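Engineer: Here is my input, please return the structure:
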Amino acid sequence: MEALSRFFRVKEKGSTFARELLAGTTTFISLAYVISLVPNAFLKAAGIAPEMGFTAFVVVAILSTLIGAFYANLPIAFASGIGLSAFFAFTVCAPAKTGGMGYTIQIALTALLLEGIVFIILSGMKVRESFMNAIPLSLKKGISVGIGLFIAIIGFVDAGVTQVGLKFDADTLFPILKENPAALFGVHDVNNLFIAKLWDQGHLMPAFWSLVGLLLIAVLVARRVRGAILLGILAITLAGLLPVSLGGGFTKLPTGSLFQLPHWPKMFQYDWSWTHSMGGIVNILIILFTLLFVDMFDTIGTLMGIGAQGKMLDKDGHFPGASKAFMADAVGTTFASMMGTTAVTAYIESASGVAEGGRTGLTALTVAFWLILALFLSPLFLAVPIQATAPALMMIGFFMLSEIRGIPFDDITEAVPAYLAVVVMPFTFSIVNGIAMGMIAYALLKYCTGRGREVHPLVTTLSFLFLLKLLFLSA
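Structural biologist: All right, here's what the predicted structure looks like:
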């Protein structure tokens, strides 16, 4: 215990051993829903059996998070991203007749391998860190607030406060997502976005308990109770055991044996046949560019959001150790291609652990420990319902909203780009879109008002690339 504390410099970073364990546990519970979501909703649609996809997802998450713990010493969990998984399933591997690219999962994993290698090179050269540091502080604040609202919407959707009405079934999801990708998250009916149905046909709805969980966490935070978020999650998990008439019934206790041996996936499923034609090479380059673009700025946005929320940024708004975090997701993505899952990114749910005081890699090590248990005790860990984790995400959204105070609203050229980042992220359900719109607006406003010297050359370059992406690569 003492040796681990010294290794991770827990005291030096203003934390304690117990606090780090609590933070890691909270982070794990907050992101546990993706353990079943990614394999069942996305990997299955891409052609990977769910039981194989489950093992691949968890093993890659363990390896990536351990790299983040021991190499980067950061309280951040890494795993295959939801957005990147959706891109794999419903664009790269979807049949051409339905608008997809029609590639097999083997070719998609080959493109993923190339992405991982490129990322390792870029991370080693600190190119990605340079991109992150070039973003102006006001825009970083806006990105943090936008991510907070982004997280809050996930929480409200998970709780059932918004209109969802969708099941995570590939056959059901595909035609809906093809028409409107945001429908997965229940934001397709904006008029009902914040209307909760708490009472229906003579009984309470589960959304009621999620809102109770939010208020409970708020009370515990106000009373400075350590572990407020985790206690809220556990309380609503127990409330889910109540009768359906009382709004319960959403916590499903596991039946049968809790112990299950993992189904090991087939590894190194690569296919280089696309190199035989120019068309194949061009399409793979498009896939590679899209993966690089989305993955890079997903992780950048997450680091900035978590860094701001946890007061981990330096006076210039830089995230110390960012290059090591980028290396963790780069190596993790390479592992993912070998195991048969999708690109790795830093998980924004790590903010829940940071909110509990997590500041070091010991938090990430704790997440990895729980992931190892989940690999063998999946029925137990999957029993925590999303209605219980939703209040935690709602509260994290509130915490991150406070960064809006750092935006200089008296300077339009600084405030409007930040504003666009704030509103575009939740409205389009994309961190990358928010960063793109904010950065493009920042460059345009500065140049159009004769203040082009304030724009970092990298920001100008990235703004141009983002503009090309929005014009030619958006769905």
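Engineer: What residues does the residue nearest to residue 397 when sequence neighbours are not counted make contact with?
Structural biologist: In this structure, residue 397 finds its nearest non-sequential neighbour in residue 152, 2.8 Å apart by Cβ to Cβ, 6 or more residues apart in numbering. C-beta here means a position set from N, CA and C on the backbone, and glycine is covered the same way. Going by Cβ atoms under 8 Å, 6 or more residues apart in numbering, residue 152 touches 393, 394, 396, 397, 398, 426.
Engineer: switch the cut-off to 10 Å
Structural biologist: By Cβ atoms under 10 Å, 6 or more residues apart in numbering, the residues touching residue 152 are 390, 393, 394, 395, 396, 397, 398, 400, 401, 426.
Engineer: can you redo those residues as a markdown table with secondary structure?
Structural biologist: Shown next, in a markdown table, are the contacts of residue 152 (DSSP: H, G, I helix; E, B strand; the rest coil):
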| residue | secondary structure |
| --- | --- |
| 390 | helix |
| 393 | helix |
| 394 | helix |
| 395 | helix |
| 396 | helix |
| 397 | helix |
| 398 | helix |
| 400 | helix |
| 401 | helix |
| 426 | helix |
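Engineer: export those to TSV and tack on pLDDT, distance to residue 420 and neighbour count?
Structural biologist: Shown next, in TSV, are those (pLDDT from 0 to 100; distance: Cβ to Cβ, whole Å; neighbours: other Cβ atoms under 10 Å):
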residue	pLDDT	distance to residue 420	neighbour count
390	84	27	30
393	81	23	30
394	87	24	25
395	87	25	27
396	80	22	30
397	84	18	22
398	89	21	18
400	81	17	27
401	86	17	17
426	82	12	23
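Engineer: what's the most distant pair in those residues?
Structural biologist: Spanning the widest gap among the contacts of residue 152 are 390 and 401, at 17.0 Å by Cβ to Cβ.
Engineer: Going along the chain, name the helices of the stretch 301-450 of the chain.
Structural biologist: 322-339, 350-355, 361-376, 378-381, 386-401, 412-428, 431-448 (DSSP state H, counting those that start in this stretch).
Engineer: okay, and the helix or strand of this protein with the least pLDDT?
Structural biologist: Lowest by mean pLDDT, DSSP states H and E among the helices and strands of the chain is helix 170-179, with a mean of 49.
Engineer: Tell me which helix or strand comes right after that helix, heading toward the C-terminus.
Structural biologist: strand 199-200 (DSSP states H and E).
Engineer: any idea which helix or strand comes after that next one?
Structural biologist: Following strand 199-200 toward the C-terminus (DSSP H and E): strand 203-204.
Engineer: by contact count, what packs against that following strand?
Structural biologist: The contact analysis (3 or more Cβ pairs under 10 Å, 6 or more residues apart in numbering; DSSP states H and E) places strand 203-204 against no helix or strand.
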